[in-house]
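> show me how the following folds:
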Amino acid sequence: MARGPKKTKTAANGNGIMDLTKELWQAAVNLRGSIEPADYKRYVLPIIFLRFLSLRYERRRAELETMVAEPASEYYGDNKAINDPDEYRAAGAFIVPEEARWDNIRKQAQADDIKVRLDNILELLEKTYPDKLRGLLPRIYAGSNLGRENVTGLINLFSKDIFRQDHGGEDLIGRVYEYFIGEFASSEGKRGGEYFTPSSIVRTLVAMLEPQEGVVFDPCSGSGGMFVQSDLFTRHSQKLSFVGQEAKDFTYRLCRMNLFIHGIDGNIKLGSSYNNDQHATVKADYIIANPPFNDGSKSDDGWGAHNIPVDDPRIRISDMRDEAGRRLPMALSPRNANTMWIMHFLYHLKDGGTAGFVMATGELSNSETARLEVRKTLVEQNYVDCIVQLSGQLFANTQIPCALWFLSKSRNGGGGFRKRIGEILFIDARKLGALIPGSRKQKQLSAEEVERIAAVYREYRRTVIPAEIPGFCRVATLDEVREHKYALTPGRYVGAEEAEEDDEAFDEKMARLVGHLAEQMTESERLDKEIRANLEEIGLWTLPAKQSA
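Here you go, the predicted model:
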């Protein structure tokens, strides 16, 4: 039986993350000219997977060897523990076959057939752990345009000490993914949809939800960061089970690789949560998610609202009922999937559970009829528990400001929670956050700021109505929300200065406005010519005679 892993200090992640980012840029430089920028991550991430998987194995093995040799340790003399798979799983690690260990990979880096060897190593790992890795590590190197020197360069790069650091429990696979989708989103033709959730936002959601035991569900799993942070919150207690779904194949495989590296078992499915809900019967204790912002708003076809049948139970949350006593379906916005996501979360939440998720700030007060009606229904049915508005610039690849929503089915009290019917906690955290050291555009919340927000919510849920802090937090009644026509912007309730709510990044908005201005100027020129021609036709306009030189 595995005994608990020895607790070790983790390295501070301050400037280390920025150093990591610089090294990732160097990785991109190494690949330039061989493959398209949009494909960089596909070749870098499997190598980083091998690096981190081996690193976690090496750490746990060194830990076990030290304890086996220590007379005061309960492991003393137990040499079998060094090769016991359960001892590695207890620490969130796996035994790595010798051929796949990083030292072995590094020694082979100069081989002419290193691309073939890498493919063989990935295949070996799939065969070693078929139930967890089958289909996740395809043979991609031998048939690629990457030169041998490119692959050698990546292996040497990821052998640097910066990749040996723990970075304070940071989700490094997710961080690497964030970097590549942030830097190369424009070359993929995708701006504003695929956003890796910054670690400080993930930590805030988890600290507020306090997942301890039960099912954690994320139907837009991305790289799996919500699961990694939840497991870290419980110190790998193995009392949480993780269920998720991801629509994009590459990201789905990345999520499963990420969970494997962290020793987490997860039931992750591939498919669109909109019209192919792979977990239709799941009812979760905790839902933690960051769905695509305003999905469908930039597409002529929208997000697929027409594919959602009227009898879909997820959208039947209306107070009004049909002749059979069933709740009527809510109307869906054809060009914005935000409310579909919100209703999806609510449907999958079990009685007594709470959902915390990220939304673009505009959803707090949007007046489009379909979206307003969903927000009104959620308020009137007492599901809205807390709203936190955050600063802009927290995401690496968009400056769209966001808010955290918390819907709860524990507002009647019980289970350690107080009764909160008829009230909503509003927190305005727009003034919190500072630029990440070394970055000129991305902010993060400090550990103290995360705790400041979470502490207010804990007090609100568990003990008493927290004291009002003007400009920061206040509990409002449903009557007040009705007076504000169901707008949920915290500034309206905490006494903070109202700001224009805008879901559009500055550079995108400026490009759109300049394009619109050009269209108006062209139309103005056309109308001017048409008016002059009409006036000439009726003799009321004569062009001035040309003056001779």
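> drop to CA atoms for contacts and neighbour counts, all remaining ones
Will do.
> hey, where'd the strands end up in the stretch 251-400 of the chain?
Secondary structure of the stretch 251-400 of the chain (DSSP state E, counting those that start in this stretch): strands at 266-270, 284-289, 349-360, 384-390.
> next SSE downstream of the last one?
If you walk from strand 384-390 toward the C-terminus, the next helix or strand you reach (DSSP states H and E) is strand 402-408.
> by how many degrees do that next one and strand 384-390 diverge?
Using axes from the mean of the first three to the mean of the last three CA atoms, to 10 degrees, the direction of strand 402-408 lies 170 degrees away from that of strand 384-390.
> which residues does the residue nearest to residue 287 when sequence neighbours are not counted bridge with?
Spatially, and ignoring its direct neighbours in sequence, residue 287 is nearest to residue 355 (4.4 Å; CA to CA, 6 or more residues apart in numbering). In this structure, residue 355 bridges to residue 287, residue 407 when assessed by DSSP bridges.
> again with residue 268
On the basis of DSSP bridges, residue 268 is bridged to residue 244.
> other SSEs contacting the helix or strand residue 203 falls within?
Assessed by DSSP H and E, residue 203 sits inside helix 199-209. If you count contacts as 3 or more CA pairs under 8 Å, 6 or more residues apart in numbering; DSSP states H and E, helix 199-209 packs onto helix 225-233, strand 284-289, strand 349-360, helix 447-462.
> of the ones you listed, flag the one that's most buried.
Mean neighbour count (mean count of other CA atoms under 10 Å) peaks for strand 284-289 among those, with a mean of 27.
> that one - what's its average pLDDT?
Across strand 284-289, pLDDT averages out at 98.
> stretch 393-412 now?
Here the average pLDDT along stretch 393-412 is 88.
> what of stretch 258-271?
Mean pLDDT, computed over stretch 258-271, is 91.
> who's in contact with that stretch?
49, 52-53, 56, 89, 91-94, 132, 173-174, 223-224, 227-228, 231, 241-249, 252, 256, 277-278 (CA atoms under 8 Å, 6 or more residues apart in numbering).
> can I get it in PDB, CA atoms only?
The C-alpha atoms that make up stretch 258-271 are tabulated as PDB, following Å, rounded to 0.1, in the frame of the first residue of the first chain:
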ATOM      1  CA  ASN A 258      -1.900  16.900 -18.700                       C
ATOM      2  CA  LEU A 259      -4.000  14.800 -16.300                       C
ATOM      3  CA  PHE A 260      -1.700  11.800 -16.800                       C
ATOM      4  CA  ILE A 261       1.400  13.900 -16.000                       C
ATOM      5  CA  HIS A 262      -0.300  15.000 -12.700                       C
ATOM      6  CA  GLY A 263      -1.400  11.500 -11.800                       C
ATOM      7  CA  ILE A 264      -5.100  12.300 -12.100                       C
ATOM      8  CA  ASP A 265      -7.700   9.900 -13.400                       C
ATOM      9  CA  GLY A 266     -10.300  11.700 -15.500                       C
ATOM     10  CA  ASN A 267     -13.300  10.700 -17.600                       C
ATOM     11  CA  ILE A 268     -12.700  13.100 -20.500                       C
ATOM     12  CA  LYS A 269     -14.700  12.700 -23.700                       C
ATOM     13  CA  LEU A 270     -14.300  14.300 -27.200                       C
ATOM     14  CA  GLY A 271     -17.200  16.200 -28.700                       C
END
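> residues of it that come out buried?
In terms of neighbour count (16 or more other CA atoms under 10 Å), stretch 258-271 has its buried residues at 258-266, 268-271.
> cool, stretch 87-101 as well?
Within stretch 87-101, the residues that count as buried by 16+ other CA under 10 Å are 87, 88, 89, 90, 91, 92, 93, 94, 95, 96, 100, 101.
> can you read off the pLDDT for the last one?
Same thing as residue 101. 96.
> and for the fourth one?
The pLDDT attached to residue 90 in the predicted structure is 82.
> from residue 98, how far out is it?
21 Å (CA to CA, to the nearest Å).
> picking up where we left off before, quick check on the contacts of stretch 258-271: which are buried?
Buried residues within the contacts of stretch 258-271, counting neighbours by 16+ other CA under 10 Å: 49, 52-53, 56, 89, 91-94, 132, 173-174, 223-224, 227-228, 231, 241-247, 252, 256, 278.
> among the contacts of stretch 258-271, name the ones in helices.
Judged by DSSP state H, the subset of the contacts of stretch 258-271 located in helices is 49, 52-53, 56, 89, 132, 173-174, 227-228, 231, 249, 252, 256.
> what is the nearest of those to residue 395?
Residue 395 has its nearest neighbour among these in residue 174, at 13.0 Å by CA to CA.
> before we move on, back to that, report the two of the buried residues of stretch 87-101 separated the most.
Greatest spatial distance among these (CA to CA): 90 and 100, at 21.1 Å.
> how about the helices and strands packed on helix 199-209, which one is nearest residue 202?
Residue 202 lies closest, by CA to CA, to one member of the helices and strands packed on helix 199-209: helix 225-233, at 6.2 Å.
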